[in-house]
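> take this sequence and fold it.
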Amino acid sequence: MNPSQASGSAKETAFVTGAASGIGLAEDGFRVALLDQNPDAIWKAAASLQGEGWDAIAHAADIRDRPAIAASLSAEARIDVMVCAAGIAPMHSFLGITKQDLHTAVNASPLGTFICCEEATRRIKSNDRLTARKKEARRTCILRAS
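Got it, this is the predicted structure:
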């Protein structure tokens with residue numbers, strides 16, 4: 001399977017940003033759509049899950065890029081859960097953080113998370129109208145920070 005192509009699965013789909021290292025949703029029975037800005041890392045993560053028999057697909061995009069996020073979400077047949085786990089942190093000492101480092105981190109974390117949640121919510125609501133899903137179905141956005 002080409003990791004950049006979506007499949008039309010009937011399983012609930014969890015879309016996870018910052019997913020190159022995984023968080024265990026495949027084991028919970030979800031089809032996982034993984035997103036990371038590092039194409040090699042995310043395709044490797046999806047291939048690893050597929051090799052273990054899990055239903056996984058990869059998308060490479062920067063969470064700050066609204067059109068890329070919207071396109072990645074639209075490529076999926078359904079979105080039930082959005083997990084925002086992506087973030088950028090400066091990789092040097094606190095006193096060495098520059099204004100640009102801070103700007104990059106702030107844009108990636110709150111702004112990127114907002115973009116992902118907003119686009120996912122649009123998609124989830126659109127899916128609900130198209131499929132007349134029951135209110136009891138699991139649909140949510142989860143924000144994860146570390």
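> surely Arg78 meets Asn127?
Yes: the pair Arg78 / Asn127 is scored as a contact, 5.3 Å apart, by Cβ atoms under 8 Å. Every C-beta, even on glycine, is put in place using the N, C-alpha and C of the backbone.
> the two: which has the busier surroundings?
Of the pair Arg78 and Asn127, Arg78 is the one with more neighbours under other Cβ atoms under 10 Å, namely 22 against 18.
> let me know the secondary structure of the more buried one.
Under DSSP: H, G, I helix; E, B strand; the rest coil, Arg78 falls in the coil class.
> kindly report the same for Val32.
Secondary structure state of Val32, per three-state DSSP, is strand.
> repeat for Ala14
Following three-state DSSP, Ala14 is assigned to strand.
> that one: neighbouring residues, count only.
Residues lying near Ala14 (other Cβ under 10 Å) number 24.
> same thing with Gly87?
Count around Gly87 with other Cβ under 10 Å applied: 17.
> what's the nearest residue to it if we skip its chain neighbours?
Ser109 (4.6 Å; Cβ to Cβ, 6 or more residues apart in numbering).
> pLDDT score for the one you found?
With respect to pLDDT, Ser109 has a value of 80.
> residues touching it, list them.
Gly87, Ile88, Ala145 (Cβ atoms under 8 Å, 6 or more residues apart in numbering).
> nearest to Asp40 among those?
For those, the closest approach to Asp40 (Cβ to Cβ) belongs to Ile88, at 17.5 Å.
> state the distance from the spatially most distant residue from the centre of the chain to Asp101.
Residue farthest from the centre of the chain, counting by Cα atoms, centre = their mean, is Leu95 at 31.6 Å. If you measure Leu95 against Asp101 using Cβ to Cβ, to the nearest Å, the figure is 12 Å.
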